[in-house]
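S.K.: heads up, no residue letters with this:
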């Protein structure tokens, strides 16, 4: 399955229980269906049956949703809205915790205590590692934690850029944008917690003393666990979706060095390149060529995986115009009548000075932008409305901690 256990009962479960009952008894049927659902952390502890519905597409419970209740009012008095940072802080990312605590303001002491208790409970229950293998949703969530988590890097100046706080914030920012995409994909059937308060590389050679003009070599982010996790997740997705753990292959790319061009093999190649970078080894000619042509491979992966019209049918023509821009709501506060929205806007330019064979090279990449803001519950933004705001530049402020790595123009 894509996501975890159902919060609601399914039509199949209803039919099975009716077949087992000699006569129709509404209360007994309700008891059996509630037993199938199990413990669900909803707000109204005295009326748990209110969350039970029988649906064709049952809502499903994500581990991240359970964090919000523990980190908002009344557990943390006065904190009416959670933050996407809560998810990564609860799963052990130290930088996310720093920013989340700083943003908690007057509630920071109660918030820290609640976060400590939640983190301990999460670790005792097996943490995210136990959930990652159960379904694709939590596998992706674990992968996003890997994006935000700084990998172990050797001492020395070679990878100094990847050890700075600005780089750590950039990693976290990318993870939050990825989380927005994950929640957007799951928004139609993921359980949403309800809160109340009533109580292609462009490079420039750096001048060096010796008149050596080496071939420009690209660089990938030195995060081996991220790429290994992506490969493992892709393999599991291929096994579940296609019955073949080796997966399909893009029909728009021919390269004898890559038997099957798909997400799994793509990630494996990135992991090998990252290992070489971390170890201080120069890239082979094949690896350098892989990085040089990475844009074409990504295009083949996006548009060439057995594509018909499906690649664009999920979002229509508007999706093509908006590109990566999307928005979704992840929490509702019924007292304030407000919803917490997460959005992805334009792709920002990323400039990183990385070591080369001779001197250093200024390389260019991209970073997904991330926004978190509230909106009236009656006016939840659609992708189209958000796309208009992105196009006009009328965007909410970015988190203040992003100033460590984003320079305003």
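M.R.: Thanks, I have it. Source: prediction; values computed, not measured.

S.K.: Quick check: the gap between the residue lying closest to residue 140 once chain neighbours are set aside and residue 144.
M.R.: Once flanking residues are discounted, residue 140 sits nearest to residue 182: 5.3 Å by C-beta to C-beta, 6 or more residues apart in numbering. For glycine as for every other residue, the C-beta is placed from the backbone atoms N, C-alpha and C. From residue 182 across to residue 144, the span is 7 Å (C-beta to C-beta, to the nearest Å).

S.K.: hmm, back to that, how close does the residue nearest to residue 140 get to residue 111?
M.R.: For residue 182 relative to residue 111 (C-beta to C-beta), the value is 24 Å.

S.K.: And residue 182 and residue 144? Which one has more around it.
M.R.: For residue 182 versus residue 144, the count of surrounding residues by other C-beta atoms under 10 Å is larger for residue 144: 26 against 22.

S.K.: A strand includes the residue nearest to residue 140, no?
M.R.: No: under DSSP: H, G, I helix; E, B strand; the rest coil, residue 182 sits outside any strand and is assigned helix.

S.K.: Surely it touches residue 142?
M.R.: No: if you go by C-beta atoms under 8 Å, residue 182 and residue 142 don't touch, sitting 11.0 Å apart.

S.K.: So for the helix or strand that contains residue 137, what gets flagged as buried?
M.R.: Here residue 137, judged by DSSP states H and E, is contained in helix 136-148. Within helix 136-148, the residues that count as buried by 16 or more other C-beta atoms under 10 Å are 136-148.

S.K.: same deal with stretch 113-123?
M.R.: 114-115, 118-119, 122.

S.K.: residues in contact with it?
M.R.: 63, 67, 70-71, 75-76, 86, 89-92, 97, 100-101, 128 (C-beta atoms under 8 Å, 6 or more residues apart in numbering).

S.K.: Just the buried residues of those.
M.R.: Neighbour-count burial (16+ other C-beta under 10 Å) applied to these gives 63, 67, 70-71, 75-76, 86, 89-92, 97, 100-101, 128.

S.K.: Of these, which belong to helices?
M.R.: Mapping the buried ones among the contacts of stretch 113-123 onto helices (DSSP state H) picks out 67, 70, 86, 89-90, 97, 100-101, 128.

S.K.: which among those gets closest to residue 407?
M.R.: Set against residue 407, the nearest of those by C-beta to C-beta is residue 100 (23.9 Å).

S.K.: Which residue is the nearest non-sequential neighbour of residue 350?
M.R.: Spatial nearest neighbour of residue 350, excluding adjacent residues (C-beta to C-beta, 6+ apart): residue 365 at 4.1 Å.
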